[in-house]
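>>> Here you go, sequence then predicted model.
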Amino acid sequence: MTDYKNTLNLPDTPFPMRGDLAKREPGWIEQWQQKKLYQRIRAACAGRPKFVLHDGPPYANGDIHIGHAINKILKDIVVKSKTLAGFDAPYVPGWDCHGMPIEIQIEKKHGKNIPVEQTQKLARAYADEQIERQRKDFIRLGVLGDWDHPYKTMAFRNEADEIRVLGKLLEKGYVYRGLKPVNWCFDCGSALAEAEVEYQDREDFAIDVGFPLADEDRGKLAQAFGLPKLPEGPAYAVIWTTTPWTIPSNQALNVHPEFDYALVATERGTLLVAAELSAACLARWALQGKPLGSSKGQALERIRFRHPFYDRYSSIYPGDYVTLDQGTGIVHSAPAYGVDDYTICKRYGMKDEEILTPVQGDGRFGASLEFFGGLSIWKANPLIVDKLKEVGTLFHAGKFMHSYMHCWRHRSPIIYRATTQWFAGMDRKPNGGGPTLREAALAAIEVTQFFPGWGKQRLHNMIANRPDWTLSRQRQWGVPMPFFQHKETGEPHPRTAEILEQVAQRVEREGIEAWQRVSAEELLGTDAANYVKSKDTLDVWFDSGSTHQTVMGGPNGAKESIGSHPTQFPADLYLEGSDQHRGWFHSSLLVSCMLHGGAPYRSLLTHGFVVDGTGRKMSKSLGNTIVPQEVSSKLGAEILRLWVAATDYSAELGISDEILKRVVEAYRRIRNTLRFLLANLADYDHTQHALPAAQWLEIDRYAVAFTQALQESVIEDYRRYDFHIVVQKLQQFCSEELGAFYLDILKDRLYTSGENSKARRAAQNALHHITHSLTRLMAPIMSFTAEEVWSIWRAVPDDSVFLHTWYVLPEIDGAAGLQERWTRLRAIRASVQKQLETLRADGQIGSSLAAEVTLYANGEQLPFLQSFGDDLRFVLITSQARVASGSTPQAIPSEVADVAVQATPSEQPKCVRCWHYRADVGGDATHPEICGRCVANLCGDGEPRTYA
RNA sequence: UUUUCCAUGGCUCAGUGGGUAGAGCAAUCGGCUUAUAACCGAUCGGUCGCGGGUUCGAAUCCCGCUGGAAAAGCCA
């Protein structure tokens, strides 16, 4: 028996079936870096229309987690797909470097009381280390970008420009000074962040204090309770508090607008308390009471009481925060020392300058405070209780154990304290008129495009409801607000604008450390004695929120010093996790609106967070975390990329071992399809073997036509950032269109026709185009694999798929007709396969080539099927396919109207070469084992083929 | 608690202006041994989170509930 196997043109390729991704990816990355691929892409794209994705800077602390990976991979897919689509799409990664988490790291490592400049120096070095670690991991994901020239918010130039931005905003009139309650530690002499607050048990006084009703408002109170008049004698609103030291700062009383309040007659006078608590209160005060009436809290609005020992009013301001857990249902309000107190008093129109702030930064009352001046608040506590007793308004005093805020450094109790801060006003009219910041920002949202659409609503709500932006922080590792404030008035120095620029210049040379080194005398001369140098820093959100100016250069165009590439303003896209509606999307919008009156981006894309397979968020305590480094080293970054792309990022992204397993399977399917394509193109040289499409077989034209349709729709999906649809389509394309249909049918022709026959070259010609199209379509997602494919056929040594654009497939005449015609045939083919399956199940055939079919067709199906001639059997992959009119009892009606299928095992001998069962096997005496067409393909002119 | 969003077969996703659900993968069974730790075929599988309502008719519109995610920090 002659071995005909080596007369076949079997597939051959160095492209391995297994990707071995984890091991081989680092090699590709190294090549990209060595050959300066990113720079070469920039050169190749020069002059094209720009697409600028401005990178939202990750925080330079900690190794990257899966959320970082998602974000960077999505950005990479966007940038690469825009590049393939013919844009010049630079990507300059950035890092956010200032801020408390780093400050805390430094404190943990080096102790808690180091000088500011030292902290800054250490923080700077620490941030650089972190950036290095993160950069390595980001690069490992296959993300292409200018990794050698990233932007950092701690770059001197960036720090300096940020001070300049601040100066601009001040000049434009958006920035003002005002009060705000913050967590305050007397030992630190500074505000604390939530992360620096610890809770410990502490015993305090718990006192009930009566606020006497103002004589002028006796009528009003009576009226609120529907009484003609109040009983004779004093009347009190009784409050309960655990902080007697706040009593001197009391300026209001809060009740809940919805609660019922009772007026109770007792031997100590008429008392106002919450109805629900009155019994408990009377018991505590050892009083008998007679209810006089009841009223909603809202009705008590603005009724005036008097401070127990100072000569001033304290009015009732209803507020939702009041509860009935403890106390009397009436809360005393010291706006300088409580957040709720502050907001309610402000809501009732209290001005900052009216708010009493007797407690100084060191915890002592100011000297001018009557009775308690100069005392620390803790020392004053019992004296205040005594004073209340003395004036006769103390109803009860006890001790109370509760969990109280303490400083994590000093373990000492801390308080809320209203301090002077700098704000960006949402509703101020800027100098020179124009819309307020809120108006400008809301208008900017209207003209921004959101992916997905709901982001618009979300950002809108936040901007519409947010309070003024507190710009100042009492922190060390941050960009200074280099102000000098007058010792008496607190007003900034009249030459502030000029001073800011002087400081900016120094910071540009020496970094923010320069502000520590500069003295008031240097900048103010003889004025220095009257001014205090501010220790405030800018909110870190201001750092990243102004990168459109400090990095991108704003509307006046690019600067080369930080970003290494020219850019444009506004950016085409900001792409971040959904939390950034409150974060970077938000802060960038505000800064840009103040600076330029509009958003710094044309569109926003947002993605959800990672959750595990059951939809729960990842946490170390749940033990359901998956880290990108591990996926990269076990399965390959390509798998992570494919997972990101395949998942609908508009909601949460689920990941688990099973999900990754499915992704690996999908990957293998696509990879093997590519392998088959490459293997069958091994001997094809497009420059020599290409044929005009008119000379191909019909199925080849159809294949290129459906590839064209796929390509168009995928390009559109990329344009809409619907990457999971892209993956879905690519996978289905490989499985259905190619694997189960075109390639399956093509095997016979590729393997058995003459190597250089027109029939075979036509097939390869089509495959060549399909492979080009497919490789580029997958490249933004499966970058490593696409590059691997590219390396096999690239002519130029340093070529890369990323130096090209979407493939231009040849025009196929009558593509629409072909699609329609073959879709129809494929439906019939499917029903044939069902028939073959029953034969197979019956043991009558194995391979479909062991069968012959007759299709009984009526109506227009008859000429339709006949139109494929003898090639129909190749489409059906049977050894014989006849078309007949009418019907026969043996034929089974198919799912297609007017077509019945009769399938039988072939009785012909099997050709050992092509495996078809044909009557003409042995027709040539010199080749007794093979069929006629094999003889023709081997020795003659080759078989004629027209359709498939 | 408030705001925004999500919930379709084991997994990932489709489902167009409402007309009683589709695909790929997996699973099961079978075939091939010329893509071979690959490939082909067939089969199985969903009361579209739950409960109401609108409608002749709802996965699709409305309300409520449950579960989940993000935000409401001198956290990024």
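Thanks, I have it. Not measured: the values here are computed from a predicted model.
>>> Spell out which residues of the stretch 551-700 of chain A are next to RNA strand B.
The stretch 551-700 of chain A has residues A:578-579, A:581-583, A:608-609, A:611, A:613, A:615-617, A:646-648, A:650-654, A:658-659, A:662, A:665-666, A:668-669, A:672-673, A:675-676, A:679 near RNA strand B, with proximity defined as Cβ under 7 Å from any atom of the strand. Backbone N, C-alpha and C define where each C-beta goes, glycine included.
>>> Correction: the previous question concerned the stretch 101-250 of chain A.
Of all the residues in the stretch 101-250 of chain A, those lying near RNA strand B are A:101, A:180, A:182, A:183, A:191, A:192, A:193, A:194, A:195, A:196, going by Cβ under 7 Å from any atom of the strand.
>>> swap the cut-off to 6 Å and go again
Residues of the stretch 101-250 of chain A found near RNA strand B (Cβ under 6 Å from any atom of the strand) are A:101, A:182, A:191, A:192, A:193, A:194, A:195.
>>> For the fifth one, which non-adjacent residue is spatially closest?
Taking Cβ to Cβ, 6 or more residues apart in numbering as the measure, residue A:193 lies nearest to residue A:100, with 5.4 Å between them; neighbours along the chain are not counted.
>>> Sketch out the low-pLDDT regions of the stretch 551-700 of chain A for me.
Counting by pLDDT under 70, the stretch 551-700 of chain A has low-confidence residues at A:557-566.
>>> 80 instead, please
A:556-567 (pLDDT under 80).
>>> In the residues of the stretch 101-250 of chain A next to RNA strand B, find the pair that's most separated.
Largest separation among these by Cβ to Cβ: A:101 and A:182, giving 18.6 Å.
>>> what about those two, which has more around it?
residue A:182 (20 against 15; other Cβ atoms under 10 Å).
>>> Tell me if I am right that that one is in a helix.
No. Residue A:182: not assigned to a helix; according to DSSP: H, G, I helix; E, B strand; the rest coil it is strand.
>>> Where does chain A get nearest to RNA strand B, which residue?
residue A:193 (1.7 Å; Cβ to the nearest atom of the strand).
>>> Near RNA strand B, which residues of the stretch 801-948 of chain A are found?
Taking Cβ under 6 Å from any atom of the strand as the criterion, the stretch 801-948 of chain A approaches RNA strand B at residues A:830, A:833, A:834, A:837, A:840, A:841, A:846, A:847, A:913, A:914, A:915.
>>> one more time with 7 Å
Residues of the stretch 801-948 of chain A lying close to RNA strand B by Cβ under 7 Å from any atom of the strand are A:830, A:833-834, A:836-837, A:840-841, A:846-848, A:912-915.
>>> sorry, back to before: the residue nearest to residue A:193: what's it in contact with?
If you count contacts by Cβ atoms under 8 Å, 6 or more residues apart in numbering, residue A:100 has them with A:193, A:195, A:475, A:477, A:540.
>>> List the contacts of residue A:159.
The contact partners of residue A:159, by Cβ under 8 Å, 6+ apart, come to A:153, A:479, A:507, A:508, A:511, A:512.
>>> what about the strands in the stretch 251-400 of chain A?
In chain order, the stretch 251-400 of chain A shows strands spanning A:252-255, A:260-266, A:269-274, A:290-296, A:304-306, A:313-316, A:330-333, A:394-407, with DSSP state E, counting those that start in this stretch as the criterion.
>>> Dump those strands to CSV, plus mean pLDDT and distance to RNA strand B.
Putting these into CSV (pLDDT from 0 to 100; distance: least, Cβ to the nearest atom of the strand, whole Å) gives the following:
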stretch, mean pLDDT, distance to RNA strand B
strand A:252-255, 93, 18
strand A:260-266, 91, 21
strand A:269-274, 91, 20
strand A:290-296, 90, 20
strand A:304-306, 94, 30
strand A:313-316, 94, 23
strand A:330-333, 92, 19
strand A:394-407, 89, 12
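>>> Just name the most buried of those.
strand A:330-333 (a mean of 27; mean count of other Cβ atoms under 10 Å).
>>> ok, back up a step: nearest to residue A:774, out of the contacts of residue A:159: which one, please.
Looking at these and their distance to residue A:774, the nearest is residue A:153, at 41.0 Å (Cβ to Cβ).
>>> Now that closest one: closest residue in space that isn't a chain neighbour?
The shortest distance from residue A:153 to any non-neighbouring residue, by Cβ to Cβ, 6+ apart, is to residue A:543 (4.3 Å).
>>> ok but the one you found is inside a helix, no?
Yes. Residue A:543 sits within a helix when classified using three-state DSSP.
>>> Weed out the non-buried ones from the residues of the stretch 101-250 of chain A next to RNA strand B.
Of all these considered here, the ones buried according to neighbour count by 16 or more other Cβ atoms under 10 Å are A:182, A:191, A:192, A:193.
>>> where in chain A is pLDDT low?
Residue ranges of chain A with pLDDT under 80: A:1-2, A:556-567, A:794-795.
>>> tell me, what residue is most central in it?
Nearest to the mean C-alpha position of chain A, by Cα atoms, centre = their mean, lies residue A:577 at 1.3 Å.
>>> Now do the phi/psi pair for that residue.
Dihedral angles phi and psi of residue A:577 (degrees, to the nearest 10) take the values phi -70, psi 160.
>>> Can you report how many residues neighbour the spatially closest residue to it that is not a sequence neighbour?
With sequence-adjacent residues excluded and distances taken as Cβ to Cβ, 6+ apart, residue A:577 is closest to residue A:607, at 5.8 Å. For residue A:607, the tally of surrounding residues (other Cβ under 10 Å) stands at 25.
>>> Out of the contacts of residue A:159, name the ones that lie in helices.
When DSSP state H defines the helices, the subset of these inside them is A:507, A:508.
>>> Pull out the buried residues from the residues of the stretch 551-700 of chain A next to RNA strand B.
If you count burial by 16+ other Cβ under 10 Å, the buried members of these come out as A:578, A:581, A:583, A:608-609, A:611, A:646-647, A:650, A:652-654, A:659, A:666, A:672-673, A:675-676, A:679.
>>> Just the ones of the contacts of residue A:100 in helices?
Those of the contacts of residue A:100 lying in helices (DSSP H): residue A:540.
>>> so which of the contacts of residue A:100 comes closest to residue A:139?
residue A:540 (25.3 Å).
>>> Tell me the spacing between that closest one and residue A:423.
Distance from residue A:540 to residue A:423, counting by Cβ to Cβ, to the nearest Å: 16 Å.
>>> neighbour-wise, which of those two wins?
A count of neighbours by other Cβ under 10 Å puts residue A:540 above the other of residue A:540 and residue A:423, at 23 against 19.
>>> From what I see, the more buried one and residue A:99 are in contact.
Yes. Under the criterion of Cβ atoms under 8 Å, residue A:540 is in contact with residue A:99, at a separation of 3.9 Å.
>>> okay, and the common contacts of the two?
When Cβ under 8 Å, 6+ apart defines a contact, the residues bordering residue A:540 and residue A:99 alike are residue A:478.
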